[in-house]
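>>> with the input below, show me the fold.
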Amino acid sequence: MKRWTAKRKASVVMDIFKGKTTVAEVARQHDLTVSEVESWIDEAQRNMENGVKARPKDIREQYESDLRETKEALGEARLQIYALKKWRLLLDKDENS
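The predicted model follows:
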């Protein structure tokens, strides 16, 4: 099985963009899931957006920006989990009273 390098992924994504193949065909031909191939497309689109900006971010700046967004989302998820656990404790106390 060949390794999916960035170059191979980019080639497949370009073929999809050009209408030479479809996501479903690529997934079937290479024993991948549709969501795997779609994630490559999403990543390519994010990088293309950066490439056509008047002031594109360098790779490190883009990585740090993505990392910051991910950490913020993780923090929000942690707060939600904390709140749900507290809420569950309060419900359990109320039911046991």
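
>>> give the residue spans of the protein that score low on pLDDT.
Low-confidence segments of the chain, defined by pLDDT under 70: 1, 56-57.

>>> domain-wise, how is it divided?
Per automatic domain parsing, the structural domains of the chain span 1-56, 58-97.

>>> will you turn those into JSON lines that also has mean neighbour count?
For the C-beta atoms, the positions are set from N, CA and C on the backbone; glycine is no exception. Below are the domains of the chain laid out as JSON lines (neighbours: other C-beta atoms under 10 Å):
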{"stretch": "domain 1-56", "mean neighbour count": "12"}
{"stretch": "domain 58-97", "mean neighbour count": "10"}
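
>>> quick one: the helices in this structure?
6-17, 23-29, 34-51, 59-96 (DSSP state H).

>>> and the gap between the nearest residue to T21 once chain neighbours are set aside and V52?
Excluding the flanking residues, the one nearest T21 by C-beta to C-beta, 6 or more residues apart in numbering is D15, at 4.9 Å. Applying C-beta to C-beta, to the nearest Å, the value for D15 to V52 is 21 Å.
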